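> my questions are about this predicted structure, shown below with the sequence.
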Amino acid sequence: MDTVKAALAAFFSPVRGLWSARLVWVAIIIAVVGFVIGWSAFQALAVGAVMCIAGMGLSYLARTIAFPTLDLTSFVADAKDGKLPQALVVCAVIVCSTLIMVAMMSRANAAVPPQAHAYLPTLAAESRTHWQAADGRSAPVSTMAGMIDHETGCPGMRSCWQPTARFKTGREEGVGFGQFTRAYRNDGTLRFDALGELKALYPLALKDAGWGATKYDPALQLRAVVLKLRTNYAHASRLTPHADERLIFATVMHNRGVAGIQNEAAACAMTRGCDRTRWAGNVERTCTASRATITGTRLSACDISRRYPGDVAKRAARYEGVV
């Protein structure tokens, strides 16, 4: 019994700021886990700090909702003295409040970002005008919204659903809702220009698009997103006869590139037991992209492309029935 009392006293020793102390540790754990799974150090620390600050307020709110008349301080004091019933009550309060807090935060995370509502009608209108599919599929507007959600760093980044969203390194630049990218070789020559390639396919629809003054035009960006997925879907339709697989292939092509997925489907066809017409567990496993870790992410190009379609599908669920 003395051992139990000692353990309880040790656990409940920080009576002052009990909630904040626990939440600081939760924030640190979140930051560490985030860094391990591929967030940049800045993102991991930022998310951890936000979770800590928000968690303090939400945990208090959650406890107030669940246990409005409970004097937790006296129970903590008794728990410090090794009184098992009071300790169990405090533990139950912590668990219940945490579950309420997680539910509240999950609900907030699942919501459509407020800034998206300014652009969703335009996305829907551009889809009605520019989407075409040989198999008659209607425009997958929620998937496009999910792609934008992913590409602009929602919900935590300031660039979320912003046409000015920009990713730039010494040899690469991605811009806007679709993060259309141009990249350069070490000698400064152009390696590829995703926006230029798309404009060559749709010179009339994208005649005003480019890397100049119009690169932050939201309507042109949304049109480009629609036309890019339309093009990818046409390529995907030649890879698989399965209607449910075409959109998955088309989605991952936005990240991996059409040629990359075509090469991986070919590699799958030469692999025993691999079905080149299906993504999950098949083409998904035959990545030919670089497996070298990308600086600042702890992920490789393979890792990123394999996570991409699932993440977009999860995000797209937010927009079902909204657009």
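Alright, I've got the coordinates.
> got a list of contacts for stretch 226-242?
For stretch 226-242, the surrounding residues in contact (C-beta atoms under 8 Å, 6 or more residues apart in numbering) are 123, 126-127, 130-135, 137, 139-140, 143-144, 147, 178, 180, 194, 198, 201-202, 205-206, 245-251, 253-254, 258, 261-262, 265, 276-278. Every C-beta, even on glycine, is put in place using the N, C-alpha and C of the backbone.
> which ones among those lie within strands?
residue 180 (DSSP state E).
> now the buried members of the contacts of stretch 226-242.
With neighbours counted by 16 or more other C-beta atoms under 10 Å, the contacts of stretch 226-242 contain buried members at 123, 126-127, 130-131, 133, 139-140, 143-144, 147, 178, 180, 194, 198, 202, 205-206, 245-251, 253-254, 258, 261-262, 265, 276-278.
> what domains does the record give for this protein?
For the chain, automatic domain parsing gives the domain ranges 2-110, 115-319.
> got the end-to-end distance for the last one?
Start and end residues of domain 115-319 are separated by 13 Å (C-alpha to C-alpha, to the nearest Å).
> show residues contacting stretch 212-220.
Contacts of stretch 212-220 (C-beta under 8 Å, 6+ apart): 119, 122, 126, 163, 164, 175, 176, 177, 195, 206, 208, 209.
> of the residues you listed, which belong to helices?
122, 126, 195 (DSSP state H).
> what about the last one, how many residues nearby?
Right, residue 195. 23 (other C-beta atoms under 10 Å).
> mind checking the pLDDT average for stretch 181-198?
For stretch 181-198, mean pLDDT rounds to 95.
> span of it from start to end?
End-to-end for stretch 181-198, by C-alpha to C-alpha: 11 Å.
> pull the residues that contact that stretch.
In contact with stretch 181-198 (C-beta under 8 Å, 6+ apart) are residues 167, 171-175, 180, 206, 209-211, 215, 224, 227-228, 231.
> quick one, which of those are buried?
By 16+ other C-beta under 10 Å, the contacts of stretch 181-198 give 173, 174, 175, 180, 206, 209, 215, 224, 227, 228, 231 as buried.
> what's the closest of the residues you listed to residue 317?
Of all the buried ones among the contacts of stretch 181-198, residue 317 sits closest to residue 228, with 21.2 Å by C-beta to C-beta.
> the closest one: which element?
helix 218-239 (DSSP states H and E).
> go on, residue 170?
Residue 170 belongs to no helix or strand, assigned by DSSP H and E.
> measure it to residue 182 for me?
As judged by C-beta to C-beta, to the nearest Å, residue 170 and residue 182 stand 13 Å apart.
> which one's more surrounded, those two?
Legend: neighbour count by other C-beta under 10 Å for residue 170 and residue 182, higher for residue 182 (18 against 7).
> tell me which element the more buried one falls in.
Residue 182 belongs to strand 180-184 when assigned by DSSP H and E.
> kindly calculate the angle that that strand makes with helix 218-239.
If you take axes from the mean of the first three to the mean of the last three C-alpha atoms, to 10 degrees, strand 180-184 sits at 80 degrees to helix 218-239.
> partner strands of strand 180-184, parallel or antiparallel?
Strand pairing for strand 180-184, using DSSP bridges, gives strand 172-175 (antiparallel), strand 190-193 (antiparallel).
> endpoint to endpoint, stretch 230-249 covers what distance?
Across stretch 230-249, first to last residue, C-alpha to C-alpha, it's 12 Å.
> residue 165 reaches residue 150, doesn't it?
No: with contact defined as C-beta atoms under 8 Å, residue 165 does not reach residue 150; the gap is 11.2 Å.
> okay, those two: which has more neighbours?
Neighbour count, other C-beta under 10 Å: between residue 165 and residue 150, residue 165 has more, with 23 against 20.
> check contacts around that one.
151, 152, 153, 159, 175, 176, 177, 179.
> now do residue 120
Here residue 120 is in contact with 112, 145, 319, 322, 323 (criterion: C-beta under 8 Å, 6+ apart).
> so where's the stretch 51-200 of the chain uncertain?
Along the stretch 51-200 of the chain, the parts satisfying pLDDT under 70 run over 51-110.
> what segments of it are helices?
Taking DSSP state H, counting those that start in this stretch, the helices of the stretch 51-200 of the chain run over residues 72-80, 84-110, 120-130, 141-151, 194-201.
> one step back: I'd like the contacts of stretch 212-220 written out as CSV, with distance to residue 294 added.
Below are these laid out as CSV (distance: C-beta to C-beta, whole Å):
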residue, distance to residue 294
119, 29
122, 32
126, 31
163, 25
164, 23
175, 19
176, 21
177, 22
195, 22
206, 29
208, 33
209, 28
